[in-house]
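*Asks:* Return atomic coordinates for the entry below.
(one chain, ligands or ions: 1)
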Amino acid sequence: MTTTDALRLDKVSIGHLEDVTLAVAPGEIVCLSGPSGSGKSRLLRAIADLEPHDGDIWLGDRAQSQLPGHEWRGLVMLVPAESQWWAPSVGEHARPISQEDLAALGFDRETLDWQVGRLSSGEKQRLALLRALSFSPCALLLDEPTANLDDTATQRCESWLLERARQLSLPVLWVAHDSRQIEHVANRHYRIEGSRLKEVR
Ligand SMILES: Nc1ncnc2c1ncn2[C@@H]1O[C@H](COP(=O)(O)OP(=O)(O)OP(=O)(O)O)[C@@H](O)[C@H]1O
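*Replies:* The predicted structure is shown next:
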């Protein structure tokens, strides 16, 4: 399934971040950077309807304010830096995941039977990405998706996310600190400076 809907923010304010107006087109990756504590994660949480905020957020012609939070989050899916796991095994958290996707991030079918308690932080992070994509979202919000990964795993994840974002035409908002990563994945890059989002060219 592909989406043709852009993710649009119209004068969104949260915390000390003011009047964020931004559109992420289908298949586009927009990176968001900024100093620690500048409000990157809070902005993603606001877009996911997990924090109250001012301004409007749209996916195509669907407004965040018109949908129940859980429905919106099924469409506009947040992958937080620290993923949450609630059932005993990995596979209980996801819809079916293809062999190809599992292999792309270094797993196989047996991984779905693994107990969550044994997962390393890097395994959790990669599996949270696979889990999110298994639910066929229409937009993705990624909060430092490779923070716990080594260089090889980071590059595998970046390549896989780039390919899937394009193939599924997903608008992606991606919080990143690493300038090499931003250079590699971003179509556009914005940085939080004070209370504003500024495009980096
Ligand atoms: N629910 C909340 N209510 C009030 N303040 C909050 C809330 N959640 C976070 N904050 C504060 O808002 C600021 C921005 O937090 P946020 O987690 O968005 O930062 P960040 O830019 O993602 O930082 P980092 O790069 O360190 O992860 C921080 O000062 C944080 O303490």
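*Asks:* Show the low-confidence segments of the protein, by residue range.
*Replies:* Counting by pLDDT under 70, the ranges of the chain that qualify are 1-3.
*Asks:* and it, which residues reach the ligand?
*Replies:* Those residues of the chain that sit near the ligand, judged by CB under 6 Å from any ligand atom, are Gly15, Gly34, Ser36, Gly37, Ser38, Gly39, Lys40, Ser41, Arg42. C-betas here are computed from N, CA, C, even on glycine.
*Asks:* from these, which ones fall inside helices?
*Replies:* Among these, DSSP state H puts Lys40, Ser41, Arg42 in helices.
*Asks:* mind giving me a markdown table with those residues and columns for neighbour count?
*Replies:* Output for these, formatted as a markdown table (neighbours: other CB atoms under 10 Å):
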| residue | neighbour count |
| --- | --- |
| Lys40 | 25 |
| Ser41 | 18 |
| Arg42 | 17 |
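*Asks:* Tell me which two of the residues of the chain next to the ligand sit farthest apart.
*Replies:* When the residues of the chain next to the ligand are compared pair by pair using CB to CB, the farthest-apart members prove to be Gly15 and Ser36, with a separation of 13.8 Å.
*Asks:* quick one, which of the two is more surrounded?
*Replies:* Gly15 (14 against 6; other CB atoms under 10 Å).
*Asks:* any idea how far Leu162 is from the more buried one?
*Replies:* Spatial separation of Gly15 from Leu162 under the definition CB to CB, to the nearest Å is 30 Å.
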